[in-house]
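# Pasting a predicted model and its sequence here:
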Amino acid sequence: MSEVTIRTRGLGKRFGEVTALDAVDVEARAGTVLGLLGHNGAGKTTLVHILSTLSQPSTGSATVAGFDVRTQGAQIRRRIGVTAQHTAVDHRLSGTANLVLVARLLGARPRTARRRAAQLVEAFGLTAAANRPAGSYSGGMRRRLDLAMSLVADPVVLFLDEPTTGLDPVSRVNLWETVEALVRQGTTVLLTTQDLHEADRLADRITVLSKGRVVASGTTAELKSQTGRRFVHLSVGRDRRERAAAALRPHGYHPTAGQGGTDLVVGVDASAELAVIVQILVAAEVPIDGLALSEPTLDDVYLALTSPGSATAAEPGSSPHAPVGAS
Ligand SMILES: Nc1ncnc2c1ncn2[C@@H]1O[C@H](COP(=O)(O)OP(=O)(O)OP(=O)(O)O)[C@@H](O)[C@H]1O
C-alpha cells in the first residue's frame with residue numbers, strides 16, 4: 001500500500017460565526033487522485049487553502065507529504081503545485097518567459113530555469129507558441145501553461161481547482177490525459193471540480209463535502225452502490241405503458257415515464273428485482289419488448305447526497321421523468 005500524502009483529522013475552520021469546515025477527515029495516497037465535490041460554499045476552497053498553507057486550521061490536524069500544515073509550511077510549499085481557477089499566467093509574457101519567471105522565483109539559476117522551461121514547453125505541446133505573448137493563447141493553451149507553471153518545481157502534490165472549466169471537449173480530454181500521466185509518475189492530485197464526469201474519470205477516491213462536513217467518501221463504485229438504487233428501463237410499447245404501470249404499483253413499484261425508446265423506468269434496490277418486475281409483467285400479460293438495468297451515475301449519487309431532503313432524492317435518475325398514471 002502506498003504512503004498517505006494528504007491526511008486531515010478532525011479538521012475545522014471557523015470564520016467568525018461561520019463554520020466553513022467541521023471535523024473533516026480526508027486521505028489521499030501517493031500517486032492517486034482525490035476528487036473533492038461539494039456545492040458552492042461547501043468548504044472546498046477553505047480545505048485547499050489550509051492544505052496549501054495559505055490559511056491555518058482552527059481545530060484538528062493535517063499533513064501534506066508528511067509535513068504538518070501548522071508548523072512545517074515552508075517544507076510543504078516546496079513540494080506542492082497549485083492551479084487555481086484564476087490563472088497565474090502573465091498575459092504580457094511569452095509562455096517560456098512565464099515558466100522561466102516561476103523557476104527563477106523558486107530560486108533556480110537562469111540556465112536551469114531556461115532548461116526547465118524548455119522541457120515543460122515541449123511536454124505541454126506549447127513549442128510552436130512558446131515565444132508568443134500568453135495573452136494570444138487560446139483558453140486551452142493558457143490552462144496548459146498554467147498547469148505547466150504549477151509543475152516547475154516537480155511537486156509531490158498538485159492542487160487542481162476546476163482545471164477544465166471553460167475548455168472545449170478536446171482540450172478537456174487533453175488536460176485529463178496530462179493529469180493521468182502525472183499521476184502515473186507518482187504525483188498525488190487533489191482535484192476540486194463541479195464536473196462529475198471529470199471526477200468519475202480522474203478520481204480514485206471521492207470525498208463529498210456539504211456545509212463543511214464530509215457526507216460521503218469512497219471510490220466512485222462505492223459511492224454509486226451506497227445510493228442503493230438502480231433503474232430498470234422497460235420497453236413495453238406506448239399503448240401498454242399504463243397497463244404495465246398499473247400492474248407494478250400494487251407491488252410497491254412506482255414507475256416513471258422513460259425517454260427515447262424506453263417507456264417506463266422503475267427504481268430498484270437490488271439487481272435481483274429485475275426478475276421480480278419481469279414476473280409481475282408476465283403475470284399481467286404485458287409483453288416486454290426490451291429491458292435494461294442501469295447503474296446510478298455520479299450525478300445521481302451527488303444529488304442524493306447533497307440535495308435538501310436527500311432521503312427523497314434517493315430515487316436518482318427519476319427526476320427527469322414524469323410519473324405515469326398518477327391516479
Ligand atoms: N475569509 C472568509 N471570511 C468569512 N467567511 C468565509 C471566508 N472564506 C470562506 N468563508 C465561508 O466559508 C464557507 C465555505 O467557503 P468555501 O469558499 O470554502 O466554499 P467552496 O466549497 O469552495 O465554494 P465554491 O464552490 O463556491 O468555491 C462559506 O460559507 C464561505 O462564505
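Arrived safely.
# low-confidence ranges in the stretch 1-150 of the chain?
In the predicted model, the stretch 1-150 of the chain carries pLDDT under 70 at residues 1-2, 85-86.
# Show me what from it comes close to the ligand.
With CB under 6 Å from any ligand atom as the criterion, the stretch 1-150 of the chain meets the ligand at residues 15, 18, 20, 38, 40-46. (Each C-beta comes from the backbone N, C-alpha and C, glycine too.)
# Could you turn the buried ones of these into a PyMOL selection?
In PyMOL, a selection of the buried entries from these looks like this (16 or more other CB atoms under 10 Å):
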select buried, resi 20+38+42+43+44+45+46
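# how about the residues of the stretch 1-150 of the chain next to the ligand, which pair is most distant?
The largest separation in those, counting by CB to CB, is between Phe15 and Gly38 at 16.6 Å.
# returning to that earlier point: so which of the residues of the stretch 1-150 of the chain next to the ligand would you say is closest to Leu291?
Lowest distance from Leu291 to these (CB to CB) belongs to Gly38, with 35.7 Å.
# how much space between that closest one and Ile280?
Counting by CB to CB, to the nearest Å, the gap from Gly38 to Ile280 is 40 Å.
# if we can go back for a sec, could you tell me which of the residues of the stretch 1-150 of the chain next to the ligand belong to helices?
Of the positions in those, 44-46 sit in helices, assigned by DSSP state H.
# Could you say which helix or strand holds Gln60?
In this structure residue 60 is Gly, not Gln. According to DSSP states H and E, Gly60 maps onto strand 59-64.
# what's in contact with the very next helix or strand once past that strand?
Once the chain leaves strand 59-64, the next helix or strand it forms, by DSSP H and E, is strand 67-68. Residues from elsewhere that reach strand 67-68 (CB atoms under 8 Å, 6 or more residues apart in numbering): 61-62, 75-76, 79.
# swap the cut-off to 6 Å and go again
Residues outside strand 67-68 that contact it (CB atoms under 6 Å, 6 or more residues apart in numbering) are 75-76.
# Could you list the paired strands of that strand along with their orientation?
Strand 67-68 has its sheet partners listed here by DSSP bridges as strand 59-64 (antiparallel).
# Now the strand it pairs with: buried residues?
60, 62-64.
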